[in-house]
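Enquirer: fold the following for me, if possible:
(chains A, B, C and D)
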2 protein chains.
Amino acid sequence: MDERKAAILRSVVEEYIETAQPVGSGRVARSSGLAVSPATVRNEMTALEQEGYLHQPHTSAGRIPTDKGYRFFVDGMVGPATLASGQRQLVQRFFASAHGALEEMLQDTSRLLSSLTDYAAVVVGPPHEETGIRSVQLVGLAPRTALIVAVLANGTVEKATVDLADDLGDDLIGAVSVHLSASLVGRTLSDLPSPPSTGDGVLDDVCTAAVAALGKAHDGEPEQVYVGGAANVAAAFDAVDSVRRVLATLEQQYVVVTLLKDVVDRGLSVAIGTEHGLEPLSECSLIVAPYEVEGEQAGTVGVLGPTRMHYPEALAAVALVSRRLGKRLSEG
Amino acid sequence: MDERKAAILRSVVEEYIETAQPVGSGRVARSSGLAVSPATVRNEMTALEQEGYLHQPHTSAGRIPTDKGYRFFVDGMVGPATLASGQRQLVQRFFASAHGALEEMLQDTSRLLSSLTDYAAVVVGPPHEETGIRSVQLVGLAPRTALIVAVLANGTVEKATVDLADDLGDDLIGAVSVHLSASLVGRTLSDLPSPPSTGDGVLDDVCTAAVAALGKAHDGEPEQVYVGGAANVAAAFDAVDSVRRVLATLEQQYVVVTLLKDVVDRGLSVAIGTEHGLEPLSECSLIVAPYEVEGEQAGTVGVLGPTRMHYPEALAAVALVSRRLGKRLSEG
DNA sequence: GTTGGCACTCGTTAGGATCGAGTGCCAACG
DNA sequence: CGTTGGCACTCGATCCTAACGAGTGCCAAC
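Expert: Numbers count the residues shown, from 1 in each chain, chains lettered A, B, ... in the order given. The predicted model follows:
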């Protein structure tokens, strides 16, 4: 692919992202900056179509980029755009004043990202399984029900209800608490030991049940995902049915988490159209970036928009937010 | 309003809900079961229009119910429909097998309700402020940061980060925990006492800070709200802009909570169109029902659909789900 | 009070003409 | 040989008109 063809392709993509209208040779000749006639552009465009970068809705219409065309555009980008200073300030201020619980911060981050890009935004939280347990406690709720509560190092709380065979007194529950605390603190949810025997059968049984409940509650559960700006999906498409499909997919937390993980694992930061293989989202592109907490990859932030999204700006926003989020979470 | 006019109005509403097309006199004459001619129906319909129950999009089109027309229809309903046995079973099974944390159960309930009705569903959780505290604990997270964790009687966990002036040792944190526990257990979040002095200045300071943090974190915060089936909004309207407006409103948790509270407080179970005063939702109707846990009104479930929603079925679903949810939560 | 008849309204649909953006092809040009 | 202007052609979009028909309001008759 020679430089001129690339320039033409870029021009088509840019125009189409801006106008959502098929782009004709005349428009490209004017806007691409190339000093060539529309006829020359036409010749190149037929070639680009044959190579699969462009698509013609019908004879005598302009061209529309294919997924492959967007891919070339994205790969050939000089890099993410620089965000407007107002937007950078917004991010700055958000993370400067971000406070309180991890959960709220992640939810607010997804809202921030969606308001930066005008697309739907997704934030996947850090895996609970790998975070150190700071405290464990058993709390009696009802005569035969207790709650095992584990506080993790990142400030999140995991809990599970434990059904008890007998009605235990507060003293016994307290004893169990102490024993559990001694054996579980410092471990992780994915690495729960069976607590050493105390010699007391009842006490041991409760301990085992509690640990089992805690382990089971978060076994195979995906990480928490926070979706922000879902309403932007409605603005991005004008077919109400496309909107429905995308929203229905976004509601399935498990699917979303898997999707983001998958894309990140494949080392991509942009998945265009069908590249991620999720059929209901074939009209969408997804931009993702992992964020790191204390050097460890902790979670993912992402943006979901139409394939004709503003890639440079969205990439910049996602990159900035993921970096700042990681930094913010690292300082504790 | 005589009986025949009421029957005609009912017929118009039912037809319009079914077809989404303006309803003409001929159709009503056929479907209403009244033995009258279209001409008679026409006479009545002009009267109904002058009284504000019906609206004509343009001369020589059929009639569409106004909000007032829907209101009359709903008020005159013999009662909620009986749900299909398949749906009743679904609810049955859901609550029989519902398990685990309150939060997940409420989220799943909203999904259940949305799948029953094909509208968006909303569930507002019980207020945390009024639930008894079962356990309080201070956990050190970082050198100068701790987390105060309160377990409530309904199995939910409240927490707040506490910034410490000094780096406290585990022993001191433990002491604070014990002291906090002694003074806070049994109280509620809305009724936090200032812990009695221990004679130790540092210890007292930390206690006060922790209690303040806990109180502040949930002061004026609305109850948690769970939205399910938001994608159904896209199916209910065919103007993509209406969809956007409604979704954008649903994303504002505070607005949604206030809306539901407001409607319930006014003793309504149905708010039609502009009745709730929330402009972006003027094309929607809202069906709500409070649910009671142990005799106390605890929260609200609701359904948001287009004004031309299937009121009898939706009412039945909301009523059933709220009743069963309350029952399920009461048994602990 | 009810009804059939009737003229009228007005959105919807269908057909046809026109427009114009855009194309492919080709011959000419540097 | 790549580039370009010219040109005929395509085909969706736009506009117009006509015909249709569902529905209305009104009125006279029952």
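
Enquirer: tell me if I'm right that residue A:8 and residue A:41 touch.
Expert: Yes - contact criterion C-beta atoms under 8 Å: residue A:8 and residue A:41 qualify, at 5.9 Å. Yep, even glycine has a C-beta here, placed from its N, CA and C like the rest.

Enquirer: residues that sit against both of the two, list them.
Expert: A:28, A:32, A:34 (C-beta atoms under 8 Å, 6 or more residues apart in numbering or on different chains).

Enquirer: which residues does the closest residue to DNA strand C within the stretch 201-332 of chain A contact?
Expert: Across the stretch 201-332 of chain A, the shortest distance to DNA strand C (C-beta to the nearest atom of the strand) belongs to residue A:308, at 16.1 Å. Going by C-beta under 8 Å, 6+ apart, residue A:308 touches A:16-17, A:20, A:65, A:70.

Enquirer: tell me if whichever strand or helix holds residue A:29 is near DNA strand C.
Expert: Using DSSP states H and E, residue A:29 sits within helix A:25-31. Yes - using C-beta under 7 Å from any atom of the strand, helix A:25-31 reaches DNA strand C at A:25-27.

Enquirer: run the chain-centre distance for that helix.
Expert: 37 Å (C-alpha atoms, centre = their mean, to the nearest Å).

Enquirer: beyond that helix, next helix or strand please.
Expert: helix A:38-50.

Enquirer: can you show me the CA trace of that next one as CSV?
Expert: What follows is helix A:38-50, C-alpha atoms only, in CSV (Å, rounded to 0.1, in the frame of the first residue of the first chain):
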residue,chain,number,x,y,z
PRO,A,38,-11.0,13.3,-8.3
ALA,A,39,-10.4,10.9,-11.2
THR,A,40,-7.2,9.7,-9.7
VAL,A,41,-8.8,9.3,-6.3
ARG,A,42,-11.5,7.2,-8.0
ASN,A,43,-8.9,4.9,-9.4
GLU,A,44,-7.3,4.4,-6.1
MET,A,45,-10.6,4.0,-4.4
THR,A,46,-11.6,1.1,-6.6
ALA,A,47,-8.3,-0.5,-5.7
LEU,A,48,-8.9,0.1,-2.0
GLU,A,49,-12.3,-1.5,-2.4
GLN,A,50,-11.0,-4.5,-4.1
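
Enquirer: average pLDDT for whichever helix or strand comes after that helix?
Expert: Downstream of helix A:38-50, the first helix or strand assigned by DSSP H and E is strand A:54-55. Averaging pLDDT along strand A:54-55 gives 98.

Enquirer: in its sheet, which strands sit next to strand A:54-55, and in what direction?
Expert: Strand pairing for strand A:54-55, determined by DSSP bridges: strand A:64-65 (antiparallel).

Enquirer: quick one: the strand it pairs with to chain centroid distance?
Expert: With C-alpha atoms, centre = their mean, you get 27 Å for strand A:64-65.

Enquirer: swap in stretch A:32-50?
Expert: With C-alpha atoms, centre = their mean, you get 38 Å for stretch A:32-50.

Enquirer: stretch A:200-208 now?
Expert: For stretch A:200-208 - counting by C-alpha atoms, centre = their mean - the centre lies 41 Å from the chain centre.

Enquirer: and it, what's buried?
Expert: A:203-204, A:206-207 (16 or more other C-beta atoms under 10 Å in any protein chain shown).

Enquirer: out of the contacts of residue A:308, which are inside strands?
Expert: Here DSSP state E is the test, and the contacts of residue A:308 give residue A:65 as lying in strands.

Enquirer: now the contacts of residue A:308: which count as buried?
Expert: Of those, these count as buried by 16+ other C-beta under 10 Å: A:16-17, A:65, A:70.

Enquirer: re the thing from before, check the buried residues of stretch A:200-208 and tell me the two furthest apart.
Expert: A:204 and A:206 (7.4 Å; C-beta to C-beta).

Enquirer: what does chain A put close to DNA strand C?
Expert: Residues of chain A lying near DNA strand C (C-beta under 7 Å from any atom of the strand): A:21-27, A:38-39, A:42, A:45-46, A:49, A:56, A:59-63.

Enquirer: mind giving me the ChimeraX command for buried ones among the residues you listed?
Expert: The buried residues among those can be selected in ChimeraX (16+ other C-beta under 10 Å) with this line:
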select /A:22,23,24,25,27,42,45,62,63
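
Enquirer: show me the subset of the residues of chain A next to DNA strand C that also lies near DNA strand D.
Expert: Answer for those near DNA strand D (C-beta under 7 Å from any atom of the strand): A:39, A:59-61.

Enquirer: pick the one among those closest to DNA strand C.
Expert: Taking these together and measuring to DNA strand C by C-beta to the nearest atom of the strand, the closest member is residue A:60, at 4.0 Å.

Enquirer: on the three-state scheme, residue A:155 is what?
Expert: The three-state assignment at residue A:155 reads coil, by DSSP: H, G, I helix; E, B strand; the rest coil.

Enquirer: enumerate the residues of chain A near DNA strand D.
Expert: A:4, A:35-37, A:39-40, A:43, A:57-61.

Enquirer: reformat those as TSV; add distance to residue A:132.
Expert: TSV is the format used below for the residues of chain A next to DNA strand D (distance: C-beta to C-beta, whole Å):
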residue	distance to residue A:132
A:4	57
A:35	63
A:36	63
A:37	67
A:39	67
A:40	64
A:43	63
A:57	56
A:58	61
A:59	64
A:60	65
A:61	59
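
Enquirer: among these, which two are most distant?
Expert: A:35 and A:58 (29.9 Å).

Enquirer: picking up where we left off before, quick one: which of the shared contacts of residue A:8 and residue A:41 is nearest chain B?
Expert: residue A:28 (29.6 Å; C-beta to the nearest C-beta).

Enquirer: does the residue of chain A at minimum distance from DNA strand D count as helix, strand or coil?
Expert: DNA strand D sits closest to residue A:60 of chain A, with a gap of 2.7 Å, by C-beta to the nearest atom of the strand. Secondary structure, three-state DSSP: residue A:60 is coil.
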